[in-house]
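Asker: below are the sequence and a predicted model for it; my questions follow.
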Amino acid sequence: MAYASKKEDESGLSSYYNNKTTIIQEARVFNDSPISPRKCRALLTRIVYLLYIGETFSAQEATTLFFGTTKLFQHKDSALRQMVYLAIKELATTAEDVIMVTSSIMKDMQPNSEVIYRPNAIRALCRIIDPSMAQGVERFFKAAIVDRTPSISSAALVSSYHLFPLAKDVVKRWVNEAQEAVSAKSSSSFFSGSSGGGYLNFGSSGNSNSGYQPIPSTSYITQYHALGLLYLIRQQDRMAVTKMIQQLGGGKSGAGTTLKNSMALCMLIRYAAKVMEEDPNVQRQILDLLEGWLRHKSDMVNFEAARAICEMKSVNASQLTKPIAVLQLFLSSPKPVLKFSATRTLATLALTHPAAVASCNVDLENLITDQNRSVATYAITTLLKTGNEASVDRLMKQITGFMSEISDEFKVIIVDAIRSLCIKFPTKHVSMLAFLSGVLRDEGGYDFKRAVVEAMFDMIKFISDCKEQALSHLCEFIEDCEFTKLSVRILHLLGLEGPKAPQPTKYIRFIYNRVVLENATVRAAAVTSLAKFGVNAVDDGLRRSIDVLLNRCLDDVDDEVRDRAAMYLKVMKEASLADTYVKEESVFSLAALESKLVAYVNDADASAQPFDASSIPKISRAQLAAESTRPSTLDIIAAPATRASASPPPPTAAETQSAYVQQLADLPRFAEYGTVLNSSAEPIQLTESETEYQVTCVKHIFREHIVFQFNVSNTLPDTVLEQAIVVMQPQADSGLTEDVVFQIDSLSCANSPGIVYVSFKRDNPREYTTTSFQCILKFISKELDPSTGQPEDEGYEDEYQLEEVELSAGGDYIIPSYASFSSEWDRLRSGATATETFSLGAMESIKAACDSIIELLNMEPLGGTETPSSSSVHTLQLSGLVTGGGGKVLVRCRMTFSRGQGVTLELGVRAEQENACALVVSVVGG
């Protein structure tokens, strides 16, 4: 096996332990008469070792070994009996018919059996019994949990913990015994005064339990196990958990606690932190408890309490004073584990409260030269986040000294800290760029090199003064880069930033070298980068040089490289193609594209027509980059693992849209409507969140129909709603006719939410109807019979008034979509156009007018025009798509503001369709 060391291989131990066939053959030793305890112990040790290193036995092999092992129950050797239980426990998961040894194990669980056997018997029984048998052994477990001997009590508590998922109702009845175990004033040891079967006499065969006198234990480990079981039983009852924490906490000072085991106190602190996070109302009381535990005699309790306070939500500077003082003491401790834990916690805290951590800077600077490089790494990253501009150069010199002594994982942390520091102190970019270029030449793995490259990318993006120098360093790096992914990313960046540089020609040599020397993937990326220089070149000479280089690429051995070269040679000759394939700043929204493709593939009738990409909204490349931005490694590594949320991440837009499409497709009536053109991005709340009935609405737009989906929740546990529907009354002359209503037959608190569908037919599908609906929830209310849980026969009709539902242009018919405004505005010159002037007297500023127009039209603001640069004159540019074949629509809002008259708006609209243009004008004018 891979786990064996080289020394074991050389001595022959590896083959001895890992020969499964030999072990199965030697199992005959279990049948010898008389039994040799020494041989049996050695064989059982080898079996357990094989299982530990990952070896597997077949069911037949495991069963043979299992029942061979059980024959050793009759022997009186205590050490052999312990190995028997250990082997039985490990083999029980694979062997068959293991339940047959239950009676033999139960004999060793009796109170009159030797103390050394009972813990092992309890652990083995937990693995063997069927969940239905848990009630039969209940009295044995209850007695063992409160036993005076710690080894017996701990074994019973841990076994109960493992039984809980299988027999919750039975284990929950042991809560009083667990409470007694956790609150015990004194505990006992497993050492026996006169028993012949103690741990210190392995060869003994004595079986008498008389004269056993438990002696007090100093570990109190039983409290740790009992607290874990107690929390497991009560975890669904927040009030019970809070009460348990307050009872065991020992008051504000923590001195009155009955918990004497440090691990039990640490676990209680974690439970307290979890309760405080879930219920802010108890924050004050639990914070007092945590501050009391900061003065405990145990270092681990002090640290756990300090960390819990530092990780509190919305913690303020005054609350951090005491825990930071405790952590500061740990920084000067001679124990490496205390220094490491304190620096790691302070590094995490410095992300959000650098000013509070700054008081520890002197102690942290002393740790930069610590022998433990992990401690030194966290110390330096914390200083980088809390230090001032004057200390940057000194820190950079100290970092350079030990970069070669730490692992890649910690190098990544250092580089990410410098990445953040670059943005914080841009004037210090010279020293930081010199450091990054230096480590880029050092040895290291992919993750480390990627972190350095991305740090340089950020400097190029945010610090214009260092752009040219950083690009030069990256060019030198790709000359000897062993990672294809990094080479491709750097070539892409050179294609974007190189043509804008004062001397773009100096980068072309490095790029063309990749065409000559690299693999096909890098060569293809280099061709694309060269083409961008040719398309964006202002110098005809440079354009001709690029043309020559691309022509040479036509002879490449790889298809992709040749095809790209041929395409870009064509693109360079036609400006329209260059605008589309090279200069285009927008890309399809991946979420919308996925949703449309899924709908297209699932629709059997859609294959007759080609896929229509014009209806898919676009986003800018900056938006795409923001969506896919890699989180900082500092955030990943320094994030507290114990506070990770167990809830799943929210669904993406694509997942939400796909779920709606699937729900509608499950109803044959709606499947006839065709493809969903658009669905609401977020459900609209139609009731208050505290009411007994909660309703939200989602609108689905089809070509000839509009479907309203009402998600109805019943929060009353003793009431059932039957035949629930939503009555919708549109305004007069709305152009909509009710088609069909799907009701909820029965809605209780348990099966909430239910869905009511109301469908309207559009009288004229080419018109974009905007109207509002009066909505009433109607149902038959029935009480639940407490004895049977079934609704009563008699009920009464009731209704519940809901908020109005608006069918508006923005959000229902218009989808935000990115575009290059100037080129698209010129392209739509020959399309539908409209210009209107409006007086917005109620607007107090141009910024307020911009926000209102964007919200009203639900269109994408372009070029940062959503933020006015002047308080008196501004032009807002918007882009969107109109569903149902309405095509692209652009809006130009020229605004002037004067005090007393408000905002004067000149609205210019250009669209591919006349009705789309009229829709936008009617919304603003409306």
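Answerer: Here it is on my side, so go on.

Asker: who touches the helix or strand harbouring M239?
Answerer: In this assignment (DSSP states H and E), M239 forms part of helix 238-249. Around helix 238-249, the neighbours that count as contacts under Cβ atoms under 8 Å, 6 or more residues apart in numbering are 182-183, 227, 230-231, 234-235, 257-259, 268, 271-272, 275, 278-279, 282, 285-286, 289, 292. Yep, even glycine has a C-beta here, placed from its N, CA and C like the rest.

Asker: now, those that are in helices?
Answerer: Taking DSSP state H as the definition of helices, the contacts of helix 238-249 contribute 182, 227, 230-231, 234, 268, 271-272, 275, 278, 285-286, 289, 292.

Asker: format those residues as a markdown table; extra columns: distance to S870 and neighbour count.
Answerer: What follows is the ones in helices among the contacts of helix 238-249, written out as a markdown table (distance: Cβ to Cβ, whole Å; neighbours: other Cβ atoms under 10 Å):
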| residue | distance to S870 | neighbour count |
| --- | --- | --- |
| V182 | 68 | 27 |
| L227 | 64 | 25 |
| L230 | 65 | 24 |
| Y231 | 61 | 20 |
| R234 | 62 | 20 |
| L268 | 60 | 26 |
| Y271 | 56 | 21 |
| A272 | 54 | 27 |
| V275 | 52 | 19 |
| E278 | 48 | 11 |
| Q285 | 53 | 16 |
| I286 | 51 | 24 |
| L289 | 56 | 25 |
| G292 | 58 | 19 |
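
Asker: what's the closest of those residues to R450?
Answerer: E278 (37.3 Å; Cβ to Cβ).

Asker: what's the neighbour count on the residue nearest to the closest one when sequence neighbours are not counted?
Answerer: Spatial nearest neighbour of E278, chain neighbours left out: R238 (6.7 Å); criterion: Cβ to Cβ, 6 or more residues apart in numbering. For R238, the neighbour count with other Cβ atoms under 10 Å is 14.

Asker: phi, psi for D793 please.
Answerer: When quoted as degrees, to the nearest 10, the phi and psi of D793 stand at phi -70, psi -40.

Asker: err, Q901, not the other one
Answerer: Dihedral angles (degrees, to the nearest 10) for Q901: phi -110, psi -10.

Asker: cool, and the one 5 residues further on?
Answerer: In this entry, E906 is assigned phi and psi values of phi -110, psi 110 (degrees, to the nearest 10).

Asker: neighbours of it, how many?
Answerer: Close neighbours of E906, defined as other Cβ under 10 Å, add up to 14.

Asker: kindly report the same for I423.
Answerer: Other residues within reach of I423, judged by other Cβ under 10 Å, total 13.

Asker: pretty sure it sits against D458.
Answerer: Yes - judged on Cβ atoms under 8 Å, I423 makes contact with D458 at a distance of 6.8 Å.

Asker: how many neighbours does the closest residue in space to D718 that isn't next to it in sequence have?
Answerer: Residue nearest to D718 in three dimensions, not counting chain neighbours: L784, with 5.0 Å by Cβ to Cβ, 6+ apart. As a burial measure, L784 scores 17 neighbours (other Cβ under 10 Å).

Asker: now L784, which residues is it bridged with?
Answerer: P791 (DSSP bridges).

Asker: contacting residues around it?
Answerer: So L784 contacts P717, D718, T719, V720, S748, Q790, P791, E792 (Cβ under 8 Å, 6+ apart).

Asker: now the buried members of the residues you listed.
Answerer: Those of the contacts of L784 that meet the buried threshold are T719, V720, S748, P791, by 16 or more other Cβ atoms under 10 Å.

Asker: can you tell me the closest non-neighbouring residue to G444?
Answerer: D408 (5.7 Å).

Asker: mind checking how far the one you found is from K449?
Answerer: Using Cβ to Cβ, to the nearest Å, one obtains 9 Å as the distance from D408 to K449.
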